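Novice: Turn this into a structure:
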Amino acid sequence: MLAILSTHPIQYQVPLWQALAKTGSVPFEVWYLTAHGTEPSYDRQFDKSFAWDLDVLSGYPHRFLKVNSAVDVSSFSKLRIAERLAPLFREKEVSTLWVQGWNVLAYWQAVRQAHAAGVPVWLRGESNDLAITPTWRRPLKQLMLRQLFRRVETFLYIGEANRRFYTNYGVRPEQLSPAPYCVDNERFAAQADSVRPGREDIRRSWGIADDAFCVLFAGKFIDKKRPFDLLRALKDARLAQQGRPLHLLFVGSGELGQPLRSACRVVFDAETSNNVSTQVNDGGTLPRATFAGFLNQKEISRAYVAADCLVLPSDHLETWGLVVNEAMASGLPCVVSDACGCAEDLVTPINSNLVYPLGNTLALAGALLELMRQPPSIPALRTLANKFDIEVTVNTVTKLFHATGQPVMDVSLPAMLPRF
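Specialist: Numbers count the residues shown, from 1 in each chain. Presented below is the predicted three-dimensional model:
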């Protein structure tokens, strides 16, 4: 059996587990460390409590492992496994353990225990070679990751920058297999198509003029997302001369919410009691903006249909940017910074001019002008998005499991199991 270890039910991963279960090609079970996201819980970066509006626990086998008290899925040290895995490996006849990265201590524990028990490990992380690691951190990072990677048999890479990251750490080509980062493309396409006939009504309800070119920012209002780069880019005189009024559509929430509102002429705000902004009219010097609030997975398609493009200005901490997958599957073109992990895989093949240097707001404005002049078609966007589809990873997992799957090795108590 394939055991899949994940911190919690993640809305992007669950469709993969459901698809894998539907094929019946691989016996597996997902082992969760927490139930975060299955019921309302507080997210520090969104600065609000929420739960996903999808059923994230049906359609595939799963269980919850014992962990420490006072868990925090966003903290490395505050998520630890509180049980020995060897008995579970033996009980479930686990022949392979698949771990979703190394961002929490529990993942490191699991890899070490699997290695000690003779259970091969697969790893699917997000890191890429685009990030700039401070000089003082490099030796320690190299030491720790090389130790971890020596205990891993197969690396599932999510994109080209992620593949290069592994290669830079000495991972051999034969250890690498594609498992591209993806969303449920079929669901997002269907949702977008179902609401597209009401596009004008959606825009009007949010105060977006019929002739406006609407730019969407969707995500957490935090520093790494660099939303103010978008505001600065929209002040470029070239955009003012292109003949269409500009409108910003902000979807999400976070600590930068109030500063962003202060920098815009807000015409609609979902978080005010009457949805109409009370901001003083500045005479038109600030960009018109709508704040639609947090939109869950079944609601976000309204924003993808209402907008004319999505911009992801994030820095190197944006290891991928799955919002781009969602937008493209919905038929919405994207402009992204070159620091985003998805840039060369998803946006460059559409038009390399839609990828701009991080922080260069003049180039961002130029990319928007390029998009306004030559918008890609919905079929072209979806064709590329579908290359990053659940089916690709399902096929990879099936092939790997049946090529390398073997009866579980002896997991009787080894001489030394790591203690944490």
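
Novice: in the chain, what spans have low per-residue confidence?
Specialist: For the chain, applying pLDDT under 70 flags the ranges 41-50, 273-284, 404-420.

Novice: Closest to the centroid, which residue in it?
Specialist: Centroid-nearest residue in the chain: residue 322, 3.8 Å away (criterion: Cα atoms, centre = their mean).

Novice: So it sits against residue 183, correct?
Specialist: Yes - in terms of Cβ atoms under 8 Å, residue 322 counts as a neighbour of residue 183; the distance is 5.8 Å. Where C-beta positions appear, they are placed from N, C-alpha and C, glycine not excepted.

Novice: joint contacts of the two?
Specialist: Taking Cβ atoms under 8 Å, 6 or more residues apart in numbering as the contact rule, the neighbours common to residue 322 and residue 183 are residue 12.

Novice: quick one: the strands in the stretch 201-350 of the chain?
Specialist: Listed in chain order, the strands of the stretch 201-350 of the chain (DSSP state E, counting those that start in this stretch) span 213-218, 246-251, 265-269, 288-293, 309-312, 334-337.

Novice: Send over the third one as CSV, restricted to the C-alpha atoms.
Specialist: Included here for strand 265-269 are C-alpha records, laid out as CSV according to Å, rounded to 0.1, in the frame of the first residue of the first chain:
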residue,chain,number,x,y,z
ARG,A,265,-11.1,54.9,-4.5
VAL,A,266,-13.3,52.1,-3.2
VAL,A,267,-16.6,51.8,-4.9
PHE,A,268,-17.7,48.5,-3.4
ASP,A,269,-16.6,46.8,-0.2
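
Novice: Within the sheet, what are the partner strands of that strand, with directions?
Specialist: Strands flanking strand 265-269 in the sheet, each with its direction: strand 288-293 (parallel) (DSSP bridges).

Novice: quick check: angle from the partner strand to strand 246-251?
Specialist: Going by axes from the mean of the first three to the mean of the last three Cα atoms, to 10 degrees, strand 288-293 is angled at 10 degrees with respect to strand 246-251.

Novice: Figure out how far strand 288-293 is from the centre of its chain.
Specialist: Counting by Cα atoms, centre = their mean, to the nearest Å, strand 288-293 is centred 22 Å from the centre of its parent chain.

Novice: residues making contact with it?
Specialist: 206-208, 212, 245-253, 257, 260-261, 264-271, 303.

Novice: sorry, back to before: of all the strands of the stretch 201-350 of the chain, which gets the most neighbours per residue?
Specialist: Highest mean neighbour count among those (mean count of other Cβ atoms under 10 Å): strand 334-337, with a mean of 28.

Novice: Partner strands of the helix or strand following that strand, with direction?
Specialist: Once the chain leaves strand 334-337, the next helix or strand it forms, by DSSP states H and E, is strand 355-356. Partners of strand 355-356 in the sheet, by DSSP bridges, are strand 334-337 (parallel).

Novice: Would you mind writing the CA trace of the partner strand as CSV?
Specialist: The C-alpha coordinates for strand 334-337 follow below in CSV (Å, rounded to 0.1, in the frame of the first residue of the first chain):
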residue,chain,number,x,y,z
CYS,A,334,-2.5,36.1,-16.2
VAL,A,335,0.4,38.5,-15.7
VAL,A,336,3.0,37.3,-13.1
SER,A,337,6.3,38.3,-11.7
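
Novice: Can you list the neighbours in contact with that strand?
Specialist: With Cβ under 8 Å, 6+ apart, strand 334-337 has contacts from 226, 229, 309-315, 318, 321, 324, 327-328, 342-343, 346-347, 354-359, 364, 367-368, 371.

Novice: again, only using 7 Å
Specialist: 309-314, 321, 324, 327-328, 342-343, 347, 354-356, 358, 364, 367-368, 371 (Cβ atoms under 7 Å, 6 or more residues apart in numbering).

Novice: how distant is that strand from the center of its chain?
Specialist: Using Cα atoms, centre = their mean, the distance from the centre of strand 334-337 to the centre of the chain it belongs to is 15 Å.

Novice: again with stretch 391-403
Specialist: Between the mean C-alpha point of stretch 391-403 and the mean C-alpha point of its chain there is a distance of 22 Å (Cα atoms, centre = their mean).

Novice: do stretch 125-132 as well
Specialist: 14 Å.

Novice: again with stretch 106-123
Specialist: Between the centre of stretch 106-123 and the centre of its host chain there is 25 Å, according to Cα atoms, centre = their mean.

Novice: can I have that stretch written out in PDB, keeping just the CAs?
Specialist: As requested, the backbone C-alpha atoms of stretch 106-123 are provided in PDB (Å, rounded to 0.1, in the frame of the first residue of the first chain):
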ATOM      1  CA  ALA A 106       6.400  15.800  11.400                       C
ATOM      2  CA  TYR A 107       7.500  15.300   7.800                       C
ATOM      3  CA  TRP A 108      11.100  14.900   8.800                       C
ATOM      4  CA  GLN A 109      10.100  12.500  11.600                       C
ATOM      5  CA  ALA A 110       8.100  10.400   9.100                       C
ATOM      6  CA  VAL A 111      11.000  10.200   6.500                       C
ATOM      7  CA  ARG A 112      13.400   9.100   9.200                       C
ATOM      8  CA  GLN A 113      11.100   6.500  10.600                       C
ATOM      9  CA  ALA A 114      10.300   5.200   7.100                       C
ATOM     10  CA  HIS A 115      14.000   5.000   6.200                       C
ATOM     11  CA  ALA A 116      14.700   3.200   9.500                       C
ATOM     12  CA  ALA A 117      11.900   0.700   8.700                       C
ATOM     13  CA  GLY A 118      13.100   0.100   5.200                       C
ATOM     14  CA  VAL A 119      10.100   1.800   3.600                       C
ATOM     15  CA  PRO A 120      10.900   3.700   0.400                       C
ATOM     16  CA  VAL A 121      10.000   7.400   0.400                       C
ATOM     17  CA  TRP A 122       8.600   9.700  -2.300                       C
ATOM     18  CA  LEU A 123       8.800  13.400  -1.800                       C
END
